[in-house]
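[1] A structural model of the following input is requested.
(one chain, ligands or ions: 1)
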Amino acid sequence: MGLLRSAFLAGSQSRWLRERAVNFKPVRRAVSRFMPGDDLEAALAATRTLQASGIGSVLTYLGENVQKPEEAEQVRLHYLDVLGGAKQRALDAEISVKLTQLGLDLGRAACETALTSLIERAAADGTWVWIDMESSDYTDVTLDIYRSARARFQNVGVCVQSYLYRTERDLEGLMASGGAFRLVKGAYREPPEKAFPKKRDVDANYFALARRLLAPEVLRAGIRTIFGTHDGALVRRIEEAGRQAGLRPQDMEFQMLYGIGREEQVRLAAQGYRFRVLISYGDAWFPWYMRRLAERPANVLFVLKNVFAG
Ligand SMILES: Cc1cc2nc3c(=O)[nH]c(=O)nc-3n(C[C@H](O)[C@H](O)[C@H](O)COP(=O)(O)OP(=O)(O)OC[C@H]3O[C@@H](n4cnc5c(N)ncnc54)[C@H](O)[C@@H]3O)c2cc1C
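    Sure, this is the predicted structure:
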């Protein structure tokens, strides 16, 4: 793992750094590139703007590892507001949730109950709930919770990470009963026993998993696959693999994060691919933002420019 990436991922867990950075205006300005605002209204406004250019959204209220049941309940209620707000404004929005933000560290049963209530509401509104994948300490329980949710509901999917060695095997097991998967590279600090340390191996595994998800029997099974990446070369290889599999653009779905790869977002949507932008918002942005810096240390220059711009 690169030194800088490692430093940012370590920083993402530092309380000392978080307490100082969140009140530092230039950092907040830099963050706004990736986040339309702190609150739901800002996220819904961004959803509306994207929708005008044929791009759907997935909304994520930032936060993770809540420590009290009341916090988890507040997050659940917030997501119900998100679904209600999107429905009321006729916005094409799905939601993506972190299980530790719904109280997984406090107990699995309550977390599953909260998740179920969101999936039920989303189903009633004709939309979807995605389960984010967090660090590898949570992979087993996250996939387990996804499996039980998916046994009851059709409108739930889970994220899988190509940096983990185990993902190929996990995906084979999960796909046997259909499902919905968002394939990403992975954003956490993982040891070499669990994850490919070299980026080129993560990328190669991503493409291998993408091809697997484009196999004829997988397509026939009606599995919903999302390719979540900003890697232009990879996107083009996946587009080509899709063409070879006889797919039309509208049969394939890509997602990117708000503010990253905007030209590519517009290009994919204009070419007819199903496309969504994942919009993160909320005031708990520090660890999430550090992971964005870890992905692309060049973003640090952007922060510095804001610092010197005063
Ligand atoms: C829709 C979506 C959902 C996600 N959900 C999860 C999840 O649940 N769990 C999880 O672990 N990870 C998640 N991620 C993050 C993911 O794991 C990667 O960390 C992130 O997408 C960067 O990898 P990449 O595929 O874009 O490729 P990279 O090889 O990292 O980047 C390719 C190119 O994209 C651009 N780029 C990438 N990141 C940035 C950035 N931060 N700022 C500016 N440019 C950038 C650069 O041009 C870079 O060269 C998600 C990503 C997306 C798009």
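
[2] taking the mean pLDDT, what do you get for stretch 14-31?
    Averaging pLDDT along stretch 14-31 gives 68.

[3] what's the first-to-last distance across it?
    Counting by C-alpha to C-alpha, to the nearest Å, you get 18 Å between the two ends of stretch 14-31.

[4] kindly report the same for stretch 174-183.
    Per C-alpha to C-alpha, the first residue of stretch 174-183 is 13 Å away from its last.

[5] list the buried residues in it.
    For stretch 174-183, a neighbour-count test (16 or more other C-beta atoms under 10 Å) marks Leu174, Met175, Gly179, Ala180, Phe181, Arg182, Leu183 as buried. Every C-beta, even on glycine, is put in place using the N, C-alpha and C of the backbone.

[6] also stretch 106-122?
    Leu106, Ala110, Cys111, Glu112, Ala114, Leu115, Thr116, Leu118, Ile119, Arg121, Ala122.

[7] quick one: residues contacting the closest residue to Tyr163 other than its chain neighbours.
    Computed as C-beta to C-beta, 6 or more residues apart in numbering, the closest residue to Tyr163 that is not its neighbour in sequence is Gly186, at 3.7 Å. Listed by C-beta atoms under 8 Å, 6 or more residues apart in numbering, the contact partners of Gly186 are Met133, Gln161, Ser162, Tyr163, Leu164, Ala195, Val202.

[8] isn't the fifth one up against Asp137?
    What it means is Leu164. No. Look at Leu164 against Asp137 with C-beta atoms under 8 Å: they stay out of range, at 12.0 Å.

[9] those two - which one has more neighbours?
    Leu164 (21 against 13; other C-beta atoms under 10 Å).

[10] about what we covered before: show me the buried residues of stretch 106-122 that map onto strands.
    Using DSSP state E, no member of those falls in strands.

[11] let me know the closest of these to the ligand.
    Lowest distance from the ligand to those (C-beta to the nearest ligand atom) belongs to Leu115, with 14.6 Å.

[12] and the ligand, which of the contacts of Gly186 contact it?
    Met133, Gln161 (C-beta under 6 Å from any ligand atom).

[13] among the contacts of Gly186, which two are most distant?
    Met133 and Val202 (14.1 Å; C-beta to C-beta).

[14] what about the two, which has more around it?
    With neighbours defined as other C-beta under 10 Å, Met133 and Val202 compare such that Met133 has more, 24 against 18.

[15] circling back: pLDDT at the residue nearest to Tyr163, what is it?
    96.

[16] go on, Leu77?
    98.

[17] Ile226 now?
    Ile226 is given a pLDDT of 98.

[18] out of the contacts of Gly186, which are inside helices?
    Assigned to helices by DSSP state H, the following of the contacts of Gly186 qualify: Val202.

[19] a markdown table for the contacts of Gly186, including pLDDT?
    Below are these laid out as a markdown table (pLDDT from 0 to 100):
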| residue | pLDDT |
| --- | --- |
| Met133 | 98 |
| Gln161 | 98 |
| Ser162 | 98 |
| Tyr163 | 97 |
| Leu164 | 98 |
| Ala195 | 97 |
| Val202 | 97 |
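
[20] fine, thanks again, bye for now.
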